[in-house]
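Chemist: Compute the structure for the input listed below.
(one chain, ligands or ions: 1)
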Amino acid sequence: MGGGSGEGRHRAWNDHKQRGMTHTIVRGYAAAAEALIGPYEAVATAEVLAPVIDLLPVEPSRIADIGAGTGRDAAWLAEEGHRVTAVEPVAPFRLAGQKLHRRLSIDWLDDRLPDLGTLRTRGPFDMALLNGVWQHLDSDAQEDAMRSLVGILRPGGLAVLSLRHGPGAADRPVFPIDTHETLKNAEAEGFAVLRAEERGSIQSVNRAAGVTWTWVALLRG
Ligand SMILES: C[S@@+](CC[C@H](N)C(=O)[O-])C[C@H]1O[C@@H](n2cnc3c(N)ncnc32)[C@H](O)[C@@H]1O
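Modeler: Just a heads-up that it's a prediction; the model follows:
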């Protein structure tokens, strides 16, 4: 027989499954990047972050923007005086972001959820932003990713997540997000829930598709 414990095998299978899924998603974004860069940059960060803007650090802080896309939010945060690491697994987004926001000093990193193995070595951070990323993780990976957020944040650090509800593009698979489960996972990892607020979509294509969002702010214990 052999092959380790049931739990070990389950974990190995989950890791394998998530790696395959992330590979598909990253490939899907890379193929669509040219069409997505303009619309991503056209969104106003202050408008998007409105549900949590009062909770953002005022003092210059170390912030990780995870799943940063073209770095629109990373650039806004850098302009606010923060030291920002933009984590993005899709090369065309990283390259576009580096070019578009070159006058700002943003550290770009090729890393991915749920492990954040490289980002972990660069921490601890005062805040993590995950804007529109969580839906690309299945429920097992969402649990692992919550644990990873604990690993990159300092005690008292803030995690801000926008949870997307609704359909996604066929070549960039999305998974359902159960807000209640997400908050329960967060609390199990020692986070206190500061806010969970429902919002409509700012982007008209998402609005038309019936996409809604929950903005969540979590304080690391
Ligand atoms: C909907 S876009 C949002 C981009 C950006 N945060 C924004 O608001 O414009 C989702 C982003 O998450 C990234 N992403 C997808 N799966 C990821 C993963 N497992 N880890 C980190 N980023 C991921 C994608 O490459 C893409 O840039």
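Chemist: When you work out contacts or count neighbours from here on, use the C-alpha atoms and nothing else.
Modeler: OK.
Chemist: List the buried residues of stretch 184-204.
Modeler: Asn185, Ala186, Glu187, Glu189, Gly190, Phe191, Ala192, Val193, Arg195, Ala196, Arg199, Ser201 (16 or more other Cα atoms under 10 Å).
Chemist: Next one: the third one from the ligand, what distance?
Modeler: Just to be clear, that refers to Glu187. Using Cα to the nearest ligand atom, to the nearest Å, Glu187 is found at 22 Å from the ligand.
Chemist: Could you verify my assumption that that residue touches Val193?
Modeler: Yes. Here Glu187 lies in contact with Val193, judged by Cα atoms under 8 Å, at a distance of 7.3 Å.
Chemist: For the buried residues of stretch 184-204, name the two members farthest from one another.
Modeler: Greatest spacing in the buried residues of stretch 184-204, by Cα to Cα: Gly190 and Ser201 (29.7 Å).
Chemist: In the protein, which residue is most central in space?
Modeler: Central residue of the chain (Cα atoms, centre = their mean): Leu130, 2.8 Å from the mean position.
Chemist: Can you name the residues that contact that one?
Modeler: Residues near Leu130 by Cα atoms under 8 Å, 6 or more residues apart in numbering: Asp65, Ile66, Gly67, Ala68, Ala159, Val160, Leu161, Ser162.
Chemist: if I look at the closest residue in space to Pro51 that isn't next to it in sequence, how far off is Leu104?
Modeler: Spatial nearest neighbour of Pro51, chain neighbours left out: Trp215 (6.6 Å); criterion: Cα to Cα, 6 or more residues apart in numbering. Going from Trp215 to Leu104 by Cα to Cα, to the nearest Å gives 27 Å.
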